[in-house]
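[1] Sequence first, then the predicted structure:
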Amino acid sequence: MQNPWQELPATSPYLLDIDRVVVTENKAKFKADTDLHFELLPEPFLGNPNAPLILLNLNPGYSPDDITYHQQKSFIDLSVANLNHHPLVYPFFLLDPNLSAPGRVWWERKLSALIRDTNRETVAKKVLCVEYFPYHSRKFGHHKMRLPSQEYSFHLVRQAMARNAVIVLMRSKKLWYSAVPELKEYQSLFSVRNVQNPTISLGNLPESYASIIQALT
């Protein structure tokens, strides 16, 4: 399947043409906290598309502080490289120690146990996060929308299953099962205990954390 994010506009608003019709049809339903922020670069996925560990999340969040970083050339370059699957020293670019952004703080907290039990470079190279929905919002309220671009994200998940990757559901099991029904029977699928704080840790994944670490080593 062709990667649609290769066609992302070079400047804001960062909205794919293939998603525009669906977004326009649904825009009147958005509230202040579910409005989509196309001034921010989308994050449909983060990391190496061939990673052995896949994290399934909901959608990238939003805070007013984000725009400052999304306007910086260093951030834009890393984000665009990620969207195009270009090689990076830190493929999970929000773990790049040279990057300053709120997203780096969030992900370092969620992945701190993995970083501690392996190392930052390993996690950055061997973890792929796929977001169910690609665009930023303060809160998620887009359950009934299905964007054409989402099909590529679901394709990445199916590719991961085909190579027997370990998959961890961080949030929104129901939505992911609806999008990729094969996940229900997938043997290497695990779910965090606390979806409100979906850290990838022994405490949140007591029965599968050893398998997760093994996937990274």
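    It's in.
[2] switch to C-alpha atoms for all contacts and neighbour counts from now on
    Noted.
[3] so how far is the first residue of stretch 44-57 from its last?
    Counting by CA to CA, to the nearest Å, you get 10 Å between the two ends of stretch 44-57.
[4] what residue ranges in the chain score low on pLDDT?
    Counting by pLDDT under 70, the chain contains no low-confidence range.
[5] which residues of it fall in helices?
    For the chain, the helices defined by DSSP state H cover 17-26, 66-70, 73-83, 102-110, 112-117, 120-126, 150-162, 173-179, 209-216.
[6] Residues touching the second one, excluding its own?
    Which is helix 66-70. The contact list for helix 66-70 (CA atoms under 8 Å, 6 or more residues apart in numbering) reads Glu39, Leu40, Leu41, Phe75, Ile76, Ser100, Ala101, Pro102.
[7] Is the second one in contact with Pro9, as I believe?
    Think Leu40. No. In this structure, Leu40 is not within contact of Pro9 by CA atoms under 8 Å, at 11.7 Å.
[8] picking up where we left off before, just put the helices of the chain in TSV and tack on distance to Gln2.
    Listed next are these as TSV, based on distance: least, CA to CA, whole Å:
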stretch	distance to Gln2
helix 17-26	13
helix 66-70	25
helix 73-83	12
helix 102-110	27
helix 112-117	31
helix 120-126	22
helix 150-162	8
helix 173-179	18
helix 209-216	27
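[9] Can you add distance to Leu53 and mean neighbour count and give the ones you listed back as CSV?
    Below are the helices of the chain laid out as CSV (distance: least, CA to CA, whole Å; neighbours: other CA atoms under 10 Å):
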stretch, distance to Leu53, mean neighbour count
helix 17-26, 28, 13
helix 66-70, 27, 16
helix 73-83, 17, 18
helix 102-110, 14, 15
helix 112-117, 11, 16
helix 120-126, 6, 21
helix 150-162, 8, 17
helix 173-179, 16, 14
helix 209-216, 6, 17
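[10] Wait, Ser12 touches Gln71, no?
    No. At 9.4 Å, Ser12 does not count as touching Gln71 under the criterion of CA under 8 Å.
[11] who's sitting farthest from the centroid in the chain?
    For the chain, the largest distance from the centre (CA atoms, centre = their mean) belongs to Ala28, which lies 25.8 Å off.
[12] Could you report the distance from it to Ile115?
    Ala28 is 42 Å from Ile115, by CA to CA.
[13] ditto for Leu40
    Distance of Leu40 to Ile115, given as CA to CA: 27 Å.
[14] now do Ala160
    According to CA to CA, Ala160 and Ile115 sit 22 Å apart.
[15] Leu40 and Pro9: who's more crowded?
    The neighbour comparison of Leu40 against Pro9 (other CA atoms under 10 Å) goes to Leu40, with 24 against 13.
[16] give the contact list for that one.
    Shown in contact with Leu40 (CA under 8 Å, 6+ apart): Ser12, Pro13, Tyr14, Asp66, Ile67, His70, His136.
[17] try Gly141
    Contacts of Gly141 (CA under 8 Å, 6+ apart): Phe30, Thr34.
[18] switch the cut-off to 7 Å
    With contacts defined as CA atoms under 7 Å, 6 or more residues apart in numbering, Gly141 is in contact with Thr34.
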